[in-house]
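Trainee: Output the structure for:
(chains A and B)
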Amino acid sequence: MAILVSRETRVICQGLTGYRGSLFSHQALEYGTKVVGGVVPGKGGTRHLQLPVFDSVSEAVAETGADASVIFVPPRNAAAAMLEALDAELPLVVCITEGIPVLDMVRVRERLARVGTRLIGPNCPGIIAPGECKIGIMPGSIFERGPVAVVSRSGTLFYEAVAQLNEAGLGQSCGIGIGADPVHGMSFVDALELLLSDADTEAVLLIGEIGGREEEDAATYLRSRETDKPVIAYVAGRHAPADRRMGHAGAVIAGGLGGTEHKLQALRDAGIHIPASPAEIGVAVARALK
Amino acid sequence: MNVHEYQAKGLLARYGVPLPEGGVAATPEEAERVAEGIGAAFWVVKAQILAGNRGQSGGVKIARSAAEVCSLARTMLGSRLVTQQTGPAGMLVHRVYVERGCDVARELYLGLLVDWGTGHVTAVASARGGTALEHVAGAAPETIVKVALPAEPGLTQAMTAPLAEALEVSGGAAAALHTLIEGLHRAFVELDASLIEINPLAMTGEGELLAVDVKMSFDDNALFRHSELEAMRDEDDDPDRLERERHGFNYVRLGGNVGCLVTGAGLALATMDIVKLHGGEPANFLDLPPVATRLEVAAACRQILAQPNVRVLLVNAVGGGLTDCGTVAEGLITASREHAIGVPLVIRFGGTSRDHALVLLRNAGLTFTLAETMTAAAQQAIAAARAGH
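Mentor: Below is the predicted model of the structure:
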């Protein structure tokens, strides 16, 4: 049994009838995920992908017994969708939506601090327990069951790292794309807390990038905690010029802190394995596990 | 999105932030009239560009008469101002801001931003503002005070008291400071700002607080609910933005000779890293979003190859999620039919749609070097770039 999700997880999709909501709910069902319904205000009582659609999250939870939600709602309504899921006290909420205003996320985080929900994202691929449950947009077919947990701020680099692990003969206990928005839910530290005590996980691979302080916080956490599980980290953007916005919001250096050299030093000081090249991620994990 | 000082001051005036009297001008004559309208012992003439360090670069000057305001404005307007933050080409001065000179006894620093670590709106304050701030940040960072504030307007005295203490403001001025911070915070949350910086916040000889220089940036993701701010957008702010909005990809020019076309920001950063690691120089950062179409991929090729020093095009695509290597291949074929690819092509496809994409390229008769790994792709691209010189 993996962390956070399993074969038994019952998922509703907020924004089920939209293009992406439909596409990824269909793929999740094919993967074996128990998608049990959707929430689209105004479309309650209808059916989509043979699933019941509800007007509100609380109604959907009451009718389906859902314990997780995945959100594909457009950016201007995404915060309201997250708040609704928090109010319904769902244990797990995964928000895929990209482009949410930062202050909306500040307000969501304030509410999050007062409830028991775990939020993954926004602007992320989601979470997968290979062979059991897929909640998000990652391609299920590239994941293989195994001992390495992968936690990534980036999307395509996440898939690249998984491919390298497979090549090194290492499957994954779980994959979590936490997203790269400046203010988001689950952090590297939150994921490490769960994974270091997860019986199925023998090593943790973190995929970071310039900007923010996720990597620095992870390093501080690992220095304070005894573990015999190796942690490996690749941080993208070593050669990105300072103060230039590179793609999504996360990849920007916020004054000194957040630069890759700073991050790499903090990670090295905490005993984390650092591959020299993005092509050596799989090899580095295999070496650390020997 | 960044706005000019005069625009930021216009916005903050509505929130009751105390400012020196001033006005914007696009011609020297207009600047003179603004100065006469204000009436002062002396005036400050400030070039309006979207970059800092203006003071050290001749972009902020003092005038003793309205005629001098006029002549200073004549020198600044239409010139290119080069500061530490503009790059060597500098930025064209379209407008000047003319304001009443004030008697500054102390220069303070006050900023508002979202702290990425804590996820809170946060005020940052230092009693050593102005140009001394950078020195303080390096030498005595503990004197810079950070206070988390709520995400809704309305601050209590208790919330702003630590800031007053950090700024060494007490007595009657403390009440004025509270009102100022309250207004600043209201502006921040109501306008979806990402940064508001007052530096310096002046304490005058008469004990009055004045926001002498102001910098404001806004969250691009929230502009949909602020059409007034969207209208303030200056093309100087981000020259690559128009291309990005037209074609749907992020592009940043870097100056090397290895053109990079990559799916996703993280992989694009990693591709730059591996090119550098093997001794090459990336020409650009380019992050194709998962939803990019064939025509957008072709436009990305044209954008990269528009730089004359690019000697090779390195394509690194990993299929998965919404990202499809097949679409990238179709875009490359389109670009090649338009004769837009005049340099060697090194391709590395991974992920779900790799094989299909390679079949498309071969059927179209494209000439390219196929790399199986990121390392091979970087090495082959660098070799091709060297051969092309």
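
Trainee: which secondary element of the chain has the worst mean pLDDT?
Mentor: No chain in the question, so chain A it is. helix A:260-269 (a mean of 87; mean pLDDT, DSSP states H and E).

Trainee: could you do chain B instead?
Mentor: Per-SSE averages on chain B (mean pLDDT, DSSP H and E): minimum helix B:241-247, a mean of 67.

Trainee: So the closest residue to B:Met216 other than its chain neighbours: helix, strand or coil?
Mentor: Excluding its sequence neighbours, the residue lying closest to B:Met216 (CB to CB, 6 or more residues apart in numbering or on different chains) is B:Ala8, at 3.9 Å. Heads up, the C-betas are built off the backbone N, CA and C, glycines and all. Under DSSP: H, G, I helix; E, B strand; the rest coil, the three-state class of B:Ala8 is helix.

Trainee: Contacts only, for B:Ala8.
Mentor: For B:Ala8, the contacting residues are B:Ile196, B:Val214, B:Lys215, B:Met216, by CB atoms under 8 Å, 6 or more residues apart in numbering or on different chains.

Trainee: pretty sure the first one is touching B:Asp213, no?
Mentor: No: with contact taken as CB atoms under 8 Å, B:Ile196 and B:Asp213 are classed as non-touching, separated by 11.7 Å.

Trainee: residues in the stretch 251-389 of chain B within reach of chain A, list them.
Mentor: Proximity of the stretch 251-389 of chain B to chain A, by CB under 8 Å from any CB of the partner chain, involves residues B:252, B:254, B:262-274, B:276-277, B:282, B:285, B:287, B:290, B:318-323, B:350-352, B:373-375.

Trainee: Where helices are concerned, which of these count?
Mentor: Judged by DSSP state H, these include B:265-274, B:276-277, B:374-375 as members of helices.

Trainee: does chain B sit close to the least confident helix or strand of chain A?
Mentor: No: contact between helix A:260-269 and chain B is absent, the nearest approach being 8.6 Å (criterion: CB under 8 Å from any CB).

Trainee: what angle separates that helix from helix B:265-277?
Mentor: 90 degrees (axes from the mean of the first three to the mean of the last three CA atoms, to 10 degrees).

Trainee: How far off centre is helix A:260-269?
Mentor: Put simply, helix A:260-269 sits 22 Å off its chain's centre (CA atoms, centre = their mean, to the nearest Å).

Trainee: Other residues contacting that helix?
Mentor: A:208, A:210, A:215-216, A:218-220, A:223, A:233, A:235-238, A:240, A:256, A:274.

Trainee: Quick one: which of the residues you listed has the lowest pLDDT value?
Mentor: Ranked by pLDDT, those bottom out at A:Gly256 (42).

Trainee: Any idea how many residues pack against the residue of the stretch 51-200 of chain A found nearest chain B?
Mentor: Using CB to the nearest CB, the closest approach of the stretch 51-200 of chain A to chain B is made by A:Ser154 at 2.2 Å. With neighbours defined by other CB atoms under 10 Å in any protein chain shown, the count for A:Ser154 comes to 32.

Trainee: SS state for it?
Mentor: A:Ser154 ends up coil, using three-state DSSP.

Trainee: Check what pLDDT the residue nearest to it when sequence neighbours are not counted gets.
Mentor: Nearest non-adjacent residue to A:Ser154, counting by CB to CB, 6+ apart: B:Gly266, 2.2 Å away. With respect to pLDDT, B:Gly266 scores 90.

Trainee: Just among the ones in helices among the residues of the stretch 251-389 of chain B next to chain A, which is most surrounded?
Mentor: Counting by other CB under 10 Å, top hit in these: B:Gly266 with 34 neighbours.

Trainee: my read is A:Pro275 is in a helix, agree?
Mentor: No: assigned with three-state DSSP, A:Pro275 falls outside any helix and is coil.

Trainee: how about the nearest residue to it once chain neighbours are set aside, what does it touch?
Mentor: Setting aside the residues directly before and after it, A:Pro275 is nearest to A:Ala284 in space (CB to CB, 6+ apart), at 3.7 Å. Residues near A:Ala284 by CB under 8 Å, 6+ apart: A:Ile232, A:Tyr234, A:His273, A:Ile274, A:Pro275.

Trainee: Max pairwise distance over those residues: which two?
Mentor: By the measure CB to CB, A:Tyr234 and A:His273 form the most distant pair in the contacts of A:Ala284, at 9.6 Å.

Trainee: More neighbours: those two, which one.
Mentor: A:Tyr234 (31 against 18).

Trainee: Specify the angle between the one helix or strand that one maps to and helix B:265-277 in degrees.
Mentor: Assigned by DSSP states H and E, A:Tyr234 belongs to strand A:231-236. With the same axes, to 10 degrees defining the directions, strand A:231-236 sits at 80 degrees from helix B:265-277.
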